[in-house]
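Student: below is the sequence, then the predicted model.
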Amino acid sequence: MRRIDDYRDMTAVDAVREAIEAAKANESFHAILSLTEERALARAADVDAGTVSGRLAGVPFIAKDNFLTFGSATTAASRMLENFEAPLQATAIERLEAEGAICIGKANLDAFAHGGSTENSAFGPTKNAVDTSKVAGGSSGGSAVAVALGIVPFALGTDTGGSIRQPASFNGVVGVKPTYGTVSRFGVVAMASSTDTIGVLAVSAKDAEVVMDIMSGQDDRDMTTLPDFFAPQGIERPLKIGVIGEAMTDDVATVVRDKVVASLERMKGAGHSVDQVSLPILKYALAIYYIVVPAEISSNLARYDGIRYGLRAANDTLSHLYGASRDAGFMPENKRRILIGSYVLSSGYFDAYYLKAQKARTLLIEEFNRLFDDYDILVAPVAPTPAFALGENADDPVKMYLADIMTVPASLAGLPAVSVPAKTEPGELPVGVQLIGRRQSDALLLALARQLEEEEA
Amino acid sequence: MNDVRDKYEMTIGIECHVQLDTISKLFSGADNDARDKDPNVATSPIDFGLPGMLPVLNRRAVELAVIAGKALGADIAHVSRFDRKHYFYPDLPKGYQISQMYQPIILAGKVTAPLPDGSSVEVRIHHAHLEEDAGKLTHHGTFSLVDLNRAGTPLIEIVSEPDIHSPAEAKAYATELYRLMTYAGVTKGDLYHGNMRFDVNISVAPKGATELGKRAEVKNLNSFKSVERAAEYEFQRQVELLEAGETVVQETRGWDDATGKTSSQRSKEDAQDYRYMPDPDIPPIVLTDEEIARIQAQSGRLPNEYREAMAPLGFDATVLQAILSSKDRAEMVSQLAERSPSAARRAGYWLQLDTAKGDDELAVDEAVSLSYDAVVTLSTMVDENELSSTAAKQVWREMSQSGGDPRAIAEAKNLLQVSDESAVLEVVDAVLTDPASAQSIADIRAGQEKAIGFLVGQVMKRSQGKANPALAGELLRKRLAETNES
């Protein structure tokens, strides 16, 4: 399994060829929706010729297929955008390419990133990298599996409520969901604008750190981006770590709790202090999330109307054109969220649902702030269970939503959170441990992840 | 009908959309001037609503809104925000319009609009907010075409309180808004291209009633005259309904300028639920008092400043209206006033003549390109009896259209007055010996001094308008007195 540094001694063309071969050899996992072979090889030749250079010169990567990229369609794993060719690229892609990185293809996801298993892809599910009877997690399931299979050292994902962290946990890779506003959302198909973040899934925390360093920073095409604050750092002093008690109850699988506890022990071993802390509002986080996020989804998906681009299903009357195009273009989960979102925003319900949820969201942020008065980093499981079986939750959307309970709080509060793979024995499914930090403490989280990683190595 | 109408009172509130004069659109870098351009060329991926596109707020649009707030006598919000207004229509690329529902940038204000009779109407402004315009559809029988050139054009929507009670007041208010917005430099004010559009909400109730009647909204009026006519028509229509014992339906109505009628477009039952939601892509606009003051210092001089500057000239309401119909006119007259009050006064009347020629809407105005020197020269020529006032009007029109020096024009057109006594005397003698003058001469001798006017007219006619009429009168009297004595 190659890391970024391992590409130093290879030509870019060889690196791209190797990655594309690996992708083709692993087609059965259905992690990748399209390969951009031609463009990738052309860029690799440029790197080898010295016309393109940088910190990621000749390093192949894969982007979740909700990033606008050249070289193939940007589908968001939907019939709606099945043939959509982007006229420009996402800022994140542009920044990586400026450092010489080469996008070799697009990864599978739940259509429009709605889901936690990649089973909602219009083009079929992705299989777990460790156990093909299990889900990949989601919505960045394809990205996680592509990294876990060693096809590329890193892949881009988006995390709105856990979509990077949970598949990272299910496949045993590092997943970084940065502080809201760290990386430009420009050129990424929007899900919920107030919690959408752009992040990375990588083989190692060290590689994730390099990628975050390159992608982060203000973008004049996204007004919500923050001035560049991300700077790789070390651990200068013992950290005060709090494990969230409400996230370690019997509702969480024993194996998951055991892995978290083992990780905490290793943190103690590294000299950090660990206390149990309380986040009582955790039990409301899911309710808040599944009001605010569908509201924004219903709004952000209104543009897919069959008029200017994307799937157009009928052409007789205007209302039929809208209805039939959206019916054919969206997956059931997309429709469910549009309906919920339209409902909570509708006249007479807005105050009772949307506004109330936003007020509760403020309380959640305040509770986090109080904990961060005393603690540097909070720890929780990423998901209540390891990867579940394909099809297991397919008919029970609420059960599927419950799997997000540990990841949505950081999303609602805009906090950085990293999923770090726990040490597993052969035959065990991967489990991730979630580190949650203060706003803009992304580099500190990665420093701790790196420390755990180095200790293990 | 008149007595029936007297039983009712109309109440009108007006929403006015003003396109802001920015180089680029409210949330994209695309060209904001789509006039005479092919469809869908003044657009960007943002205006097109492509996946992954995000709005980037145009700073200049915010500044123009702040300036508009000053013209409306309104406070500016220190914090204002954008919201999304959702509905599906092919001219709305994102499926929502970015507007300001909850925290608009311009707070309550007040506009005082002068009426032709010299009185005025005071209209409170509820608020005004920033928003993006939609695109345009054209319908072609079996299909329709979408043009997104206008999509994303910055607008402010000015919402009045229901303080207007007659069609004339509605027109006066719309006209004053036009002056305020164009004078302040907020909009180009091209009404033909829809730079300002009015939605008139009108209800009718028996005089003295404490509750307002059901209102109808007449949408998308783009001239002051149509605002007045639509209000007049709606009043009549609603009174007739009420008199017939029927009820007015709350609805949106369209205006047909050719027939002068409104017609139902959409009833309240079809009213859409816009599902307003704060726009999470755009941070709030935060403005300090210092920033607001600095931005508002860029405002052009407002109509009332000109009114004050011109007060000493003593114009009547119609002339003042003509002068204030464009900022360039107002600027010209007030600048002239500083150099020569009589030139300013004459220019005012000349401008009014130009206006009276066409309708009272604001036509393209050539006069404003005149040099002030030329206007002062023209006025001085009248003062010094080189030109009659009739001839001066001709020179003014010529100057307005083709520029040029007034004296050269007067000479070329042979309009210069003859003040040479012997030359005029020759004409006077010819008139007095004309048998046609005999009756007038007899009348004058009989003490009817007024009959001199006919003789002066004859002198002017014979001299083709060039004789100085005052001199002609003087010489006529002198000659008649001489012949009397003899």
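Tutor: That came through, no problem. Numbers count the residues shown, from 1 in each chain, chains lettered A, B, ... in the order given.
Student: grab the nearest non-local neighbour of residue 120.
Tutor: Picked chain A for this. Excluding the flanking residues, the one nearest residue A:120 by Cβ to Cβ, 6 or more residues apart in numbering or on different chains is residue A:110, at 3.7 Å. Quick note: C-beta positions are derived from backbone N, CA and C, even for glycine.
Student: oops, wrong one, chain B.
Tutor: Residue B:120's closest residue in space is residue B:114 (Cβ to Cβ, 6+ apart), at 4.7 Å.
Student: residues touching stretch B:200-209, excluding its own?
Tutor: Residues from elsewhere that reach stretch B:200-209 (Cβ atoms under 8 Å, 6 or more residues apart in numbering or on different chains): B:6-15, B:162, B:170, B:211-218, B:221, B:227, B:230-231, B:234-235, B:238-239, B:242, B:248.
Student: now those residues: which count as buried?
Tutor: Among the contacts of stretch B:200-209, those classed as buried by 16 or more other Cβ atoms under 10 Å in any protein chain shown are B:8-15, B:162, B:170, B:213-218, B:221, B:227, B:230-231, B:234-235, B:238-239, B:242, B:248.
Student: distance check, residue B:206 against chain A.
Tutor: 32 Å (Cβ to the nearest Cβ, to the nearest Å).
Student: for that residue, list each beta-bridge partner.
Tutor: Going by DSSP bridges, residue B:206 is paired in beta bridges with residue B:8.
Student: so what's the residue count around it?
Tutor: 12 (other Cβ atoms under 10 Å in any protein chain shown).
Student: in chain B, what residue is nearest chain A?
Tutor: residue B:95 (2.4 Å; Cβ to the nearest Cβ).
Student: which elements pack onto the lengthiest helix in chain B?
Tutor: Determined from DSSP state H, the single longest helix within chain B is helix B:224-243. The contact analysis (3 or more Cβ pairs under 8 Å, 6 or more residues apart in numbering or on different chains; DSSP states H and E) places helix B:224-243 against helix B:2-6, strand B:8-19, helix B:167-184, strand B:196-206, strand B:215-221, strand B:251-256, strand B:261-267.
Student: tell me which of those sits most buried.
Tutor: helix B:167-184 (a mean of 24; mean count of other Cβ atoms under 10 Å in any protein chain shown).
Student: quick one: distance of that one to the chain centre.
Tutor: Taking Cα atoms, centre = their mean, to the nearest Å, the mean C-alpha location of helix B:167-184 is offset from the chain mean by 7 Å.
Student: try stretch A:116-129
Tutor: Put simply, stretch A:116-129 sits 14 Å off its chain's centre (Cα atoms, centre = their mean).
Student: with just CA atoms, put that stretch into CSV.
Tutor: Output of stretch A:116-129 as CSV, limited to C-alpha atoms (Å, rounded to 0.1, in the frame of the first residue of the first chain):
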residue,chain,number,x,y,z
GLY,A,116,-24.5,6.1,5.0
SER,A,117,-23.8,3.0,3.1
THR,A,118,-23.3,3.9,-0.6
GLU,A,119,-26.3,1.6,-1.3
ASN,A,120,-28.3,4.7,-2.5
SER,A,121,-26.0,5.0,-5.6
ALA,A,122,-28.0,4.9,-8.8
PHE,A,123,-25.3,2.8,-10.2
GLY,A,124,-25.2,0.1,-7.5
PRO,A,125,-23.6,-0.2,-4.1
THR,A,126,-19.9,-0.3,-3.3
LYS,A,127,-18.7,-3.3,-1.3
ASN,A,128,-16.6,-3.1,1.9
ALA,A,129,-12.9,-3.4,1.3
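Student: next, the buried residues of it.
Tutor: A:116-123, A:125-129.
Student: got it, and stretch A:317-333?
Tutor: A:318, A:321-322, A:324-326, A:329-331, A:333.
Student: so which of these belong to helices?
Tutor: A:318, A:321-322, A:324-326, A:329, A:333.
Student: using JSON lines, please lay out the residues you listed together with pLDDT.
Tutor: Shown next, in JSON lines, are these (pLDDT from 0 to 100):
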{"residue": "A:318", "pLDDT": "93"}
{"residue": "A:321", "pLDDT": "95"}
{"residue": "A:322", "pLDDT": "96"}
{"residue": "A:324", "pLDDT": "97"}
{"residue": "A:325", "pLDDT": "97"}
{"residue": "A:326", "pLDDT": "98"}
{"residue": "A:329", "pLDDT": "98"}
{"residue": "A:333", "pLDDT": "97"}
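Student: for chain A, which segments count as strands?
Tutor: A:32-35, A:60-64, A:102-107, A:154-159, A:174-177, A:197-202, A:240-244, A:273-277, A:377-381, A:417-421, A:432-437 (DSSP state E).
Student: so which of those strands is the most packed in?
Tutor: Sort these by mean neighbour count, taking mean count of other Cβ under 10 Å, and strand A:174-177 sits at the top with a mean of 34.
Student: give the pairing partners of it; include direction for each.
Tutor: Strand A:174-177 has these partner strands in its sheet, going by DSSP bridges: strand A:197-202 (antiparallel), strand A:417-421 (antiparallel).
Student: figure out which of those strands is closest to residue A:254.
Tutor: Nearest to residue A:254, of all these, is strand A:417-421, at 18.3 Å by Cβ to Cβ.
Student: also compute the angle for that closest one relative to strand A:154-159, please.
Tutor: 130 degrees (axes from the mean of the first three to the mean of the last three Cα atoms, to 10 degrees).
Student: next, the angle strand A:432-437 makes with strand A:417-421.
Tutor: Using the same axes, to 10 degrees: strand A:417-421 against strand A:432-437 is 150 degrees.
Student: quick check: angle from strand A:417-421 to strand A:377-381?
Tutor: Using the same axes, to 10 degrees, the direction of strand A:417-421 lies 50 degrees away from that of strand A:377-381.
Student: rounded mean pLDDT for strand A:417-421, please.
Tutor: Mean pLDDT, computed over strand A:417-421, is 98.
Student: then stretch B:174-185?
Tutor: Taken as a whole, stretch B:174-185 has a mean pLDDT of 96.
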